[in-house]
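Student: Predicted model follows, preceded by the sequence.
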Amino acid sequence: MTTEHDLEEGRRNVREEMAPTGIGPSGFIPSSEGEFESASHAEPKAHSQWALFRRRFLRHRVAVFSIFVLLFLVIVCFGANYFAPFKNTDQDLLLGPVQPNGTHWFGTDELGRDQLSRILYAGQISLKIGFAVAIISTVVGTAVGAIAGYFGKATDQALMRITDLFLIVPSIAILAMALQLWGHTDSVIILVLAGLFWMYVARVVRGEVLSLKEKEFIEAARAAGASPTRIIVRHIIPNIFGSIMVNTTLGVAGAIIAESTLSFLGFGVQPPQTSWGSMLSDAEGYVGTSKAYLIYAPGIMILITVLAVNFIGDGLRDAFDPQSEKH
Amino acid sequence: MTTPSDDLQPVELTVDATAPRITDDSVPVLSVRDLTVEFKTDDGLLRAVDHVSFDVHHNETLGIVGESGSGKSVTSMAILGLLPTSAKITGEVVFRGEQILGLPEKRLDKLRGSKIAMVFQDALAALNPVQKVGKQIEEAIEVHQDLNASERRARTIELLEIVGIPNPTQRVDQYPHEYSGGMRQRAMIAMAISNDPDLLIADEPTTALDVTIQAQVLEVLERIQDRTESSIMLITHDLGVVAGVADRVIVMYAGRHVEVGTVDQIFYEPRHPYAEGLLASLPRLDRRSDKNNRLHRILGQPPSLIFLPPGCAFHPRCPLAEVPGICDTEIPELRLVGPTHWSACHFAEKMAENAELALGAPEGTP
Amino acid sequence: MLTYISRRTLYSIPVILIAAFLLFWFVRASFDPCARARASKDVTAVSRCRDEFHLNEPVTTQFGRWLGDAVQGDLGQSERTNDSVQSMLQRAMWFTVQLIFWGILVSAILSIALGVYSAIRQYSIGDYTFTALSFIGLAMPPFWFGLLAIQFLAVGPKTWFHLDQPWLYFVGLHGSGKTGFNLDYARHLVLPVLTLTVQIIAEWSRFQRASMLDVMSADYIRTARAKGVPRRKVVVKHALRNALIPLVTVMALDIGALFGGLIITEEIFSIPGMGRLFIDALTAGDAPVLVAWTVVTAIFVVLFNLIADVLYGVLDPRIRLT
């Protein structure tokens, strides 16, 4: 008998496994007989796990390039005091809005503020929120998922029911209401976003732990008298580190988009603080006018950052999970 | 109750109507020459099949034996043109006088399922899970024969009956997951014989089955061959299966054929140490495999097809190998070592002498 | 099947009730329904208001009252407009349903076509192009895409070609004083539908590609080829039929989430749907609307979850819904 819960699980698993990149075996290779697997696994020299991982990651050119892009963004944004041509708050009311030119690469806004400088400073907020949310939700999600998966039974049931509840209501609505309630400072935004992101990590980790805890080496550790904490920290987490990392990168991308969306709607970062999303919120009214240039740069920054993070995640996935590798 | 021969009457008729059968025994139904299949991988060129040549004669059952990775399945896929386009295939595959390697898809589609049909291993995976079994058999008929829907259905029920599926009128409307393992394999066979093929390629048809069911499925194959005079290429890793049904045997190792001969020759006078090792690893009642009554095993692992050992690919595992020497420098060619008996071992003759000595010894001792 | 549906519906009721209670509680704690009364100088107004909403009772009792009314179709009155919440939701829902219908239609057709194409022409130039586009589509903030669409597809052409009217409109779903499903409607619909579909198409087409590749490497596809079934027919009859099963269930789930998920699109294109209603209610602190809105959208998510499961059972004979 198929219970509705199993069914739901199965469907989710299908989605989680297939959705991201979906590079499966091609054509009509006879997969029933392990002819190719046995051949490609037997390599002349033994590689260490790490070397193998690095080799696979480096083969993903776009991912490697994306790392440099992301590093560059982080350096120029957080070093904005050195790199920004103007101060964040510098106004030049006499100058007013000007089109992009040699002095003001991205132009200036109504108050004569240099857009490039504003973007660099705003990037600090956007990046900070993105990374903080990803890290917090990864830590919390991993802990909860590992506990639920390892101990199972009531703990597991309770966790999954809570997750279900959260997934029922549109998250943007919950976020907006929560921020309206608790205020709009960065730390509140980070905590609220993390509060809605950890469940995805928890679910993935739980699934992996469930299958992993049946493995012989875990049973061996248990038989040897290792404590659950030790087993989870020393044996389970290292083995699922790959998928945790991949989910962290997905979290960064998701958090940056969520923050910008909230700020665009006016429920996120509030002035005088600026993020890329709130800059776009300010510029919304200029669409279709001569000042439309104000909508390009902040959006491009979000796009590039999220793209870079997603590509890195893709590279990590390929490196950690050889099954998803291209032929 | 109809007799089996009555059942099979229409099978013969439909074929006679389309093309006359070549009954000349001297012309092989299928002739493979220097078939080589290569795949590009990240680690280098993988040669799955390496200059394999053989004939399949009329009404004959040819066994192809080897372990995983020996290239036997890839060989059959190459014959039917079912390998991915990334595979580089060279050589000749001549089916009833026509070179079919590299034929355009449209021409191949005409052959597939009608003249050359295939029975796959693991019928659960090989049948479409969301289509009724009957529909899947009907589809094979629909592609190649000009029958209307009710005729196709009648024929499908008849085919199910031929392969020994009880209650075919009900079973025809069931899904694969509602069949038992043995029945699914029978349904696969019914599908394969639906257009009365000249050549039936059976790829590990019994591997996923219980021993008793294995015997039944093999029996179905034999019975069908008796009635339709088709040829069968039986691909398996199980020498026991081959012993029961095959006329001739090809032993493959690492993409190459290492020994070819009649069943009796392979079983009683093996002329390749790999074939000998395979035989010795079979549990047998009529002969003790060694003094301790333990099963013999071939030491080591099958080689990587990308990094093949130099010379004879079997030499790292071979008890007869002279290393360093001829075995790790020269690739042994397949050569005639007896009537209808070929071997690709540098020491095939020495094996023959040893065998004679071993046979002679017990007679000499009182 | 019927037993399954009724059993699942029964199972959904407590889930919705718990969710509704939590949401009710959350909104009660966050938004003071008597904010207006407080603002007015009338001293008794506040206590009258508190009595009206029974704010002195425990939150569970309040919820019980709300639920009792809600079941009878009375969702209360809006703080902001004094309108009946139920009729506000109905009006808003109609606009959102139109967007969802057209958006899903376009997304489904395009993503199935793209996914199948990319899978059967894996690693072709077309596949790489669509892969790159889908990466961009997934990384593009939807609201920014909406702004760009207005800039380049509505205002842009108008200025470049000196038109009196843009080809595509970006405010509402009808011109002023116009109604009905006509050219005017279509010209209003293009940009919002485009904006809401970009991410969906990017996601679904990737999913369909993966699902298709998975199926194409299945043994039964090889069997069909070995039967002599032409490749095109194998792709449609065997591969696509099987590859659609997971996609259809994912589609159902995503549709359920759209009823409360079009906030961005409706905000940018000033369409008075569910999303706009939420933003307006949130900005005004309109508690009765917020409670009703969150509960209704939650019900849609649960409903489409059920639809997804039933579809799965219908499409895959191996699944027996009991």
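Tutor: Done, it's in. Predicted, not measured: the structure shown is a model, and the values here were computed from it.
Student: Assign B:Ala355 to helix, strand or coil.
Tutor: Following DSSP: H, G, I helix; E, B strand; the rest coil, we place B:Ala355 in the helix state.
Student: what residues are up against A:Ile172?
Tutor: A:Ala258, A:Thr261, A:Leu262, C:Gly261, C:Ile263 (CB atoms under 8 Å, 6 or more residues apart in numbering or on different chains). Where you see a C-beta, it was placed from the backbone N, CA and C, and this is true even at glycine.
Student: just curious, which of these is nearest to C:Pro14?
Tutor: Nearest to C:Pro14 among the contacts of A:Ile172, counting by CB to CB, is C:Gly261 at 24.2 Å.
Student: ok but that closest one is inside a strand, no?
Tutor: No. Counting by three-state DSSP, C:Gly261 falls outside a strand, being coil.
Student: Please give me every residue in contact with it.
Tutor: Neighbours of C:Gly261 in contact, by CB under 8 Å, 6+ apart: A:Pro170, A:Ile172, C:Gly275.
Student: ok, back up a step: what two of the contacts of A:Ile172 are the furthest from one another?
Tutor: Going by CB to CB, the pair spanning these furthest: A:Leu262 and C:Gly261, at 14.2 Å.
Student: Could you measure from the residue of the stretch 151-300 of chain B found nearest chain A over to C:Lys227?
Tutor: With CB to the nearest CB as the measure, B:Glu204 is the residue of the stretch 151-300 of chain B nearest to chain A, at 7.7 Å. Per CB to CB, to the nearest Å, B:Glu204 is found 19 Å from C:Lys227.
Student: Between these two, which has more neighbouring residues?
Tutor: Neighbour count, other CB atoms under 10 Å in any protein chain shown: between B:Glu204 and C:Lys227, C:Lys227 has more, with 26 against 20.
Student: The more buried one against B:Met191, yeah?
Tutor: Yes. Between C:Lys227 and B:Met191 there is a contact under CB atoms under 8 Å: 6.9 Å.
Student: Now for these two: what residues contact both?
Tutor: B:Ala117, B:Ala140.
Student: In a markdown table: the contacts of A:Ile172, plus pLDDT.
Tutor: Supplementary listing: the contacts of A:Ile172 in a markdown table, determined by pLDDT from 0 to 100:
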| residue | pLDDT |
| --- | --- |
| A:Ala258 | 90 |
| A:Thr261 | 91 |
| A:Leu262 | 89 |
| C:Gly261 | 83 |
| C:Ile263 | 90 |
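Student: For PyMOL, write a command that selects the buried ones of the residues you listed.
Tutor: Selecting only the buried members of the contacts of A:Ile172 in PyMOL, with burial defined as 16 or more other CB atoms under 10 Å in any protein chain shown, works like this:
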select buried, (chain A and resi 258+261+262) or (chain C and resi 261+263)
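Student: what's the helix or strand for the residue nearest to A:Gly251 when sequence neighbours are not counted?
Tutor: Sequence neighbours aside, A:Ala134 is the residue nearest to A:Gly251 in space, at 3.6 Å (criterion: CB to CB, 6 or more residues apart in numbering or on different chains). Using DSSP states H and E, A:Ala134 sits in helix A:115-151.
Student: from the chain's centre, how far out does that helix sit?
Tutor: 7 Å (CA atoms, centre = their mean, to the nearest Å).
Student: Next: stretch B:184-201.
Tutor: So, by CA atoms, centre = their mean, the centroid of stretch B:184-201 is 14 Å from its chain's centroid.
Student: same check, this time on stretch B:232-247
Tutor: The chain centroid and the centroid of stretch B:232-247 are separated by 7 Å under CA atoms, centre = their mean.
Student: still on that earlier bit, tell me which residues touch the residue nearest to A:Gly251, please.
Tutor: Neighbour list for A:Ala134: A:Phe197, A:Thr248, A:Thr249, A:Gly251, A:Val252, A:Ala255 [criterion: CB under 8 Å, 6+ apart].
Student: And for B:Met191?
Tutor: So B:Met191 contacts B:Ala117, B:Gln136, B:Ile137, B:Ala140, B:Leu159, C:Thr223, C:Lys227 (CB under 8 Å, 6+ apart).
Student: Could you look up the SS state of whatever residue of the stretch 251-366 of chain B ends up closest to chain A?
Tutor: As assessed by CB to the nearest CB, chain A sits closest to B:Ser304 within the stretch 251-366 of chain B, at 3.7 Å. With three-state DSSP as the basis, B:Ser304 sits in coil.
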